Structure formats: C-alpha cells, structure tokens
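Undergrad: here you go, sequence then predicted model.
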Amino acid sequence: MNFLDAAVEIISWALMLAGSFFVIVGAVGALRFPDFWARMHAVSITDSAGVLLLFAGMCMQTGFTLVTVKLIIIGVFLFITGPTATHAIANAALVSGLRPKEAKGFTGVEPEPLTKSDADPASSE
Amino acid sequence: MRTIGTIIAFLGLWLLLSGIYKSLTVGLGVFSTLFVIFILNRMNSIDGDRVEVHLKPLEFLKYQGWLLGEIAKSNWAVTRIILAPSMPIKQHMFSVPYTQNSDLGQVIFANSITLTPGTVSVETEPGQFLVHAVAYSADDKDAIADMDRRVTACEKVITA
C-alpha cells in the first residue's frame, strides 16, 4: 500500500465516521426534542449531513467504478425525494391541525381558512 | 431525433446500473428500452405534455455549490442545538414570499428550504410559502430571501 492509497483510506474513513456521527446526532435530537415539529428538524440532519458524508466516504472506498456511479445516482435521488417527503409529512401535520408550539413572543402565521376550521379541536370532536 | 436521444439515455442508464455485459442482460436491456419507448410513444399520442426545464445550467451548478455550503453551516448549527445541554430551541412559523415564475423554480426553492436543516417548508400558497424554523432568529428571513434571489437568478426568463 503506497502513500496515496493510505491517504484515500484515511479520508474515506474520516468521512464515514463523520457521517455516522451526524446520523447519531439526528437520532439523539429525535429523542431529545419536545414535539413533532422540532423532531422533524432533528431527523433532517440525518437526511442531509449524514447521508452526504457517508456517501462521499463510500464513493472514495469504491474508487472509479460502476458502484460509485450508482452511489451518486442514489444520492441525487435521495436529495430530491428527502425534502419532498419531509414537506409531505409537515404539510399533512399542518392540514390535520397540529400546530407548532411557538416560542415566547411569537404568534406564528395564521393558517388559511380552509385548514382553520379543522384546527379547532372542539368542532372535530 | 428526440426518440433516438431517449433511447441512448435509457440504454446508457441501463448499462451503468447493471454492470453485467453478457449478451442476455444487454439483450434484456435493449428490449426493455424499446418497450419503454413504445409505451412513451403511445402515451405521447394521448397528451403531448412535456416537462420543460427553464434553468441556466451554469448558474444552477453554482447555486448547488452555494447550497451545499449552506447545508453544512445549518447542519452544524442544529447539531450544536441538539447537543447543547440547555437545548435552546425557538420554534416559529412564518411566511416567505417567493419570486420564481416557473413551477420548477418554486419546487427548487421550497426543497432548498427543507434541505437546509432547521427550516422546513410546510405549506405552499399563492405567492408565499409557510416555513417552520426550529431555532428562529431575526437573520433567518434575510437568509431565506437571499436564497430566493439566488434561485430566481437560475431561472431563464421566459418571453411568451
């Protein structure tokens, strides 16, 4: 093993370990945060930094092969579908009447009339 | 012309994804490519609806590089919030106006908001998005307005 191979090995493992760290941070955040809306943000760390660093590390492990092409294609798809899925979940929560707990001094945006009637818990029960 | 381009693109994708170059697998690839082209042509006779991409390629690449930097920054910010013992979260939902003309531009903007940790686009309304931030600060609106400008700069101006 020459110097270059060793360097690639070290960098790729550093990337993968960093990616694993962010995946764990996302999991910790999902457990620590108080409610649905905050937890969603915690998991998005796993989605972006975790996936990105893990994939970069794996690409360096495989080198210039077809596997790298597949990894990149998977990565691109994840980067399009990930936020779309997050948006779908958040939107479903909003439409079904779940409201985030606003920080002190903030009132938040008034929901549109269509969802407002659903938001009233008294009328739905 | 368009058909030939589609055939080449599908065949290339098949060859990249399979990685096995025996006559049977390649033959199956050619067969499925032609079958997809056949289906596409049939569907095209029903509706000629096509997705058109009005983006400046170079600008868009530059934007993606910038977005990666933003993702890295906000990842680090949210990581610090998660690991801090006091967990200083400050949730706030606010609306953000968008200036993109095309659907694709709006999708890119909304997905970029969601992709950066700490902010999620929750609802799309005419002229604005509802955005939820986990650790809202007064700079957030400016940062998102900046992102909005950058996405709009990637759009081609359609003169129709």
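TA: Thanks, I have it.
Undergrad: pLDDT score for the spatially most central residue of chain A?
TA: Using CA atoms, centre = their mean, the residue of chain A that lies closest to the mean C-alpha position is residue A:44, 2.1 Å off. Looking at residue A:44, its pLDDT is 83.
Undergrad: quick one, what contacts residue B:120?
TA: Residues in contact with residue B:120 (CB atoms under 8 Å, 6 or more residues apart in numbering or on different chains) are A:40-41, A:44, A:86-87, A:90, B:113-114, B:131-132. Yep, even glycine has a C-beta here, placed from its N, CA and C like the rest.
Undergrad: hmm, I typed the wrong one, I wanted residue B:117.
TA: Counted by CB under 8 Å, 6+ apart, residue B:117 has contacts A:41, A:44-45, A:47-49, B:71, B:74-75, B:77-78.
Undergrad: just residue B:129 next, same as before
TA: Residue B:129 sits next to B:95-96, B:98, B:109-110, B:113, B:121-123 when contact means CB under 8 Å, 6+ apart.
Undergrad: 6 Å - rerun?
TA: B:96, B:110, B:121 (CB atoms under 6 Å, 6 or more residues apart in numbering or on different chains).
Undergrad: surely it is within a strand?
TA: Yes. Checked against DSSP: H, G, I helix; E, B strand; the rest coil, residue B:129 lies within a strand.
Undergrad: hey, what's it bridged with?
TA: On the basis of DSSP bridges, residue B:129 is bridged to residue B:96, residue B:124.
Undergrad: which residues of chain B lie near chain A?
TA: For chain B, the residues in contact with chain A (CB under 6 Å from any CB of the partner chain) are B:16, B:19, B:71, B:75, B:78-79, B:82, B:89-95, B:111, B:114-115, B:117-118, B:120-123, B:130, B:132, B:134.
Undergrad: can you give me the helices in chain A?
TA: All helices of chain A, identified by DSSP state H, fall at A:3-32, A:36-45, A:51-62, A:66-95, A:113-119, A:121-124.
Undergrad: taking the mean pLDDT, what do you get for the fourth one?
TA: Computed over helix A:66-95, the mean pLDDT rounds to 87.
Undergrad: show me chain B divided up by domain.
TA: B:2-46, B:57-154 (automatic domain parsing).
Undergrad: and the closest residue to residue B:25 other than its chain neighbours, how far from residue A:66?
TA: Leaving aside its sequence neighbours, residue B:25 sits nearest to residue B:18 (CB to CB, 6 or more residues apart in numbering or on different chains; 5.7 Å). Residue B:18 sits 9 Å away from residue A:66, taking CB to CB, to the nearest Å as the criterion.
Undergrad: just the buried ones from the contacts of residue B:120?
TA: Buried subset of these (neighbour count, 16 or more other CB atoms under 10 Å in any protein chain shown): A:40-41, A:44, A:86-87, A:90, B:113-114, B:131-132.
Undergrad: residue A:18: which of those residues is nearest?
TA: residue A:44 (16.9 Å; CB to CB).
Undergrad: host element of the closest residue to the closest one other than its chain neighbours?
TA: Using CB to CB, 6+ apart and skipping the chain neighbours, the partner closest in space to residue A:44 is residue B:117 (4.5 Å). Under DSSP states H and E, no helix or strand contains residue B:117.
Undergrad: phi, psi of residue B:117?
TA: phi -60, psi 150 (degrees, to the nearest 10).
Undergrad: need the contacts of residue B:120 in CSV with distance to residue A:25, can you?
TA: What follows is these, written out as CSV (distance: CB to CB, whole Å):
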residue, distance to residue A:25
A:40, 15
A:41, 12
A:44, 11
A:86, 17
A:87, 22
A:90, 21
B:113, 21
B:114, 18
B:131, 23
B:132, 20
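Undergrad: wasn't residue B:69 part of a helix?
TA: Yes. Assigned with three-state DSSP, residue B:69 falls within a helix.
Undergrad: give me the nearest residue to residue A:12, chain neighbours excluded.
TA: Residue A:12 sits nearest to residue A:60 (CB to CB, 6+ apart), 3.6 Å away.
Undergrad: residue B:152 and chain A, how far apart?
TA: According to CB to the nearest CB, to the nearest Å, residue B:152 and chain A sit 19 Å apart.
Undergrad: so that residue makes contact with residue B:99?
TA: Yes. With contacts defined as CB atoms under 6 Å, residue B:152 counts as touching residue B:99 at a distance of 4.9 Å.
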